[in-house]
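S.K.: model this:
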Amino acid sequence: MLTKAQKIKLVEELADILKNNPSLLFVDFSGLNMGEIIGLKKDLKKEGIKFKALKKSLLGFAFEKSGREEFNLADHKSSVAVVYGSTASDAVMAKIMHKFSTQTKKLAILGGFLMGEKMLKDAVVALAQLPAREVLLAQVLQLMMSPVTGFTRVIDAMSKKSN
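M.R.: Below you'll find the predicted structure:
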């Protein structure tokens, strides 16, 4: 059982995390064993992302103190953690957590704040499933080049036909 001083310190720490990190994901990690949690933390650390278990009963106070819009997790029955990182991109964070949740089937994404918006689980998963930036740019370029390529094929076919 935490003392009142420990709870106040924890609320201040959580409020600081909420205030200083634009990207936050809340996850249910209740099915993970300690080895899996350590492995996940190592993967996250490579990208500058942190993982912190939460005390749900104190989270509401931390949201209030931080001035950030609240993400209600009080009704959630299992263990909850926050995944955050000021240097990591939103998509990278979502991809890592989604990949880990699909591999282990023990971690559940609950939602969070990404790209400055409050997002529920489905939106986070949709963001995680987007292809990498380079792939998207290549797809756009292919779409832009498609009419030109088709036109040159038609011209080439017509010139071969006339010969």
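S.K.: can you list the weak-confidence ranges in the protein?
M.R.: 86-88, 163 (pLDDT under 70).
S.K.: could you pull out the strands for it?
M.R.: For the chain, the strands defined by DSSP state E occupy 24-28, 50-53, 80-84, 108-114, 117-120.
S.K.: Let's have those in JSON lines, adding mean neighbour count and distance to R153.
M.R.: C-beta here means a position set from N, CA and C on the backbone, and glycine is covered the same way. Compiled in JSON lines, the strands of the chain are given as follows (neighbours: other C-beta atoms under 10 Å; distance: least, C-beta to C-beta, whole Å):
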{"stretch": "strand 24-28", "mean neighbour count": "23", "distance to R153": "47"}
{"stretch": "strand 50-53", "mean neighbour count": "14", "distance to R153": "52"}
{"stretch": "strand 80-84", "mean neighbour count": "22", "distance to R153": "49"}
{"stretch": "strand 108-114", "mean neighbour count": "20", "distance to R153": "42"}
{"stretch": "strand 117-120", "mean neighbour count": "14", "distance to R153": "43"}
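S.K.: do you know which of the ones you listed lies nearest D90?
M.R.: When the strands of the chain are compared by C-beta to C-beta, strand 108-114 sits nearest D90, at 4.1 Å.
S.K.: Please identify the pairing partners of the closest one and their relative orientation?
M.R.: The strands beside strand 108-114 in its sheet (DSSP bridges) come out as strand 24-28 (antiparallel), strand 117-120 (antiparallel).
S.K.: V82 touches F26, doesn't it?
M.R.: Yes - V82 lies in contact with F26 (C-beta atoms under 8 Å); the separation is 5.8 Å.
S.K.: Lovely, talk soon.
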